[in-house]
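Chemist: Starting from these lines, generate the structure:
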Amino acid sequence: MSRIGKLPIAIPEGVEVKVEGQVVTAKGPLGTETVTVRPEIKVEKVENTVVLTRGNDDRKSRSLHGLSRTLVANVINGVKTGFTKKLEIVGVGYRAQMQGSTLNLALGYSHPIDIPAPEGIKIAVDQNTKITISGANKQAVGDIAALIRSKRPPEVYKGKGIKYEGEHIRRKAGKTGKK
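Modeler: Residues are numbered from 1 along each chain as shown. Presented below is the predicted three-dimensional model:
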């Protein structure tokens with residue numbers, strides 16, 4: 001049995017979980033999130049927990065068991081505490097600023113890059129070089145962080161670009177001149 005899949009998901013205070021067939025809806029202080037679980041997995045609410053079980057032991061069901069449990073747990077945790085990704089901008093002249101709900105980036109190109117914040121996602125900029133993305137949906141937070149990072153990924157010679165906070169960039173040695 002899946003070690004992750006068999007663990008029950010505790011429902012925290014202030015979160016209301018509704019299970020209707022294969023659809024799990026969680027409502028909390030940060031909003032409402034919904035996830036649809038595959039039909040191979042059975043979802044049930046038992047007292048103050050959500051339990052996921054699989055109907056049979058074939059390979060497909062086993063692989064979906066832990067995944068489904070994690071997706072449901074992310075929805076429940078997301079509406080209670082939310083998820084955050086932090087990005088750092090490294091490079092002379094590279095900066096970020098918010099204009100309303102749009103992130104404006106100057107990354108050394110001939111034009112500024114504007115990225116609108118999707119619904120349910122908050123983007124904040126500190127010191128022109130630190131970007132914080134937060135929201136209740138873990139996938140949406142990760143997607144917008146990856147989109148921002150893709151506009152100027154860190155390069156390996158000087159380390160300039162946009163990187164995740166705490167990300168280590170493996171540096172390469174540059175060319176050496178003739179002697």
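Chemist: from here on, contacts and neighbour counts on C-alpha atoms
Modeler: OK.
Chemist: which helices and strands sit right next to the longest strand anywhere in the chain?
Modeler: Criterion DSSP state E: the longest strand present in the chain is strand 83-90. When contacts are defined as 3 or more C-alpha pairs under 8 Å, 6 or more residues apart in numbering; DSSP states H and E, strand 83-90 packs onto strand 130-135, helix 138-150, strand 161-164.
Chemist: Now do that strand, average pLDDT.
Modeler: Averaged across strand 83-90, pLDDT comes to 95.
Chemist: Partner strands of it and their direction?
Modeler: In the sheet containing strand 83-90, its partner strands are strand 130-135 (antiparallel), strand 161-164 (antiparallel), by DSSP bridges.
Chemist: Could you identify the helix or strand that succeeds that strand?
Modeler: strand 95-99 (DSSP states H and E).
Chemist: Output that next one as PDB, restricted to C-alpha atoms.
Modeler: The C-alpha coordinates for strand 95-99 follow below in PDB (Å, rounded to 0.1, in the frame of the first residue of the first chain):
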ATOM      1  CA  ARG A  95      14.700  45.400 -11.300                       C
ATOM      2  CA  ALA A  96      11.100  44.600 -10.700                       C
ATOM      3  CA  GLN A  97       8.200  46.800  -9.600                       C
ATOM      4  CA  MET A  98       4.400  46.500  -9.200                       C
ATOM      5  CA  GLN A  99       2.100  48.700 -11.300                       C
END
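Chemist: orientation of it relative to strand 130-135 in degrees?
Modeler: Angle, strand 95-99 to strand 130-135, by axes from the mean of the first three to the mean of the last three C-alpha atoms, to 10 degrees: 50 degrees.
Chemist: Check the offset of strand 95-99 from the chain's centre.
Modeler: Computed by C-alpha atoms, centre = their mean, to the nearest Å, the chain-centroid distance of strand 95-99 equals 21 Å.
Chemist: Could you list the buried residues of that strand?
Modeler: Neighbour-count burial for strand 95-99 flags Arg95, Ala96, Gln97, Met98 (criterion: 16 or more other C-alpha atoms under 10 Å).
Chemist: Check stretch 138-157 too.
Modeler: In stretch 138-157, counting by 16+ other C-alpha under 10 Å, buried: Lys138, Ala140, Val141, Gly142, Ile144, Ala145, Ala146, Ile148, Arg149, Arg152, Pro153, Pro154.
Chemist: In a markdown table, list the residues you listed along with distance to Thr70 and pLDDT.
Modeler: Supplementary listing: the buried residues of stretch 138-157 in a markdown table, determined by distance: C-alpha to C-alpha, whole Å; pLDDT from 0 to 100:
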| residue | distance to Thr70 | pLDDT |
| --- | --- | --- |
| Lys138 | 11 | 94 |
| Ala140 | 16 | 95 |
| Val141 | 16 | 95 |
| Gly142 | 16 | 95 |
| Ile144 | 21 | 96 |
| Ala145 | 21 | 96 |
| Ala146 | 21 | 96 |
| Ile148 | 25 | 95 |
| Arg149 | 25 | 95 |
| Arg152 | 31 | 94 |
| Pro153 | 29 | 94 |
| Pro154 | 30 | 94 |
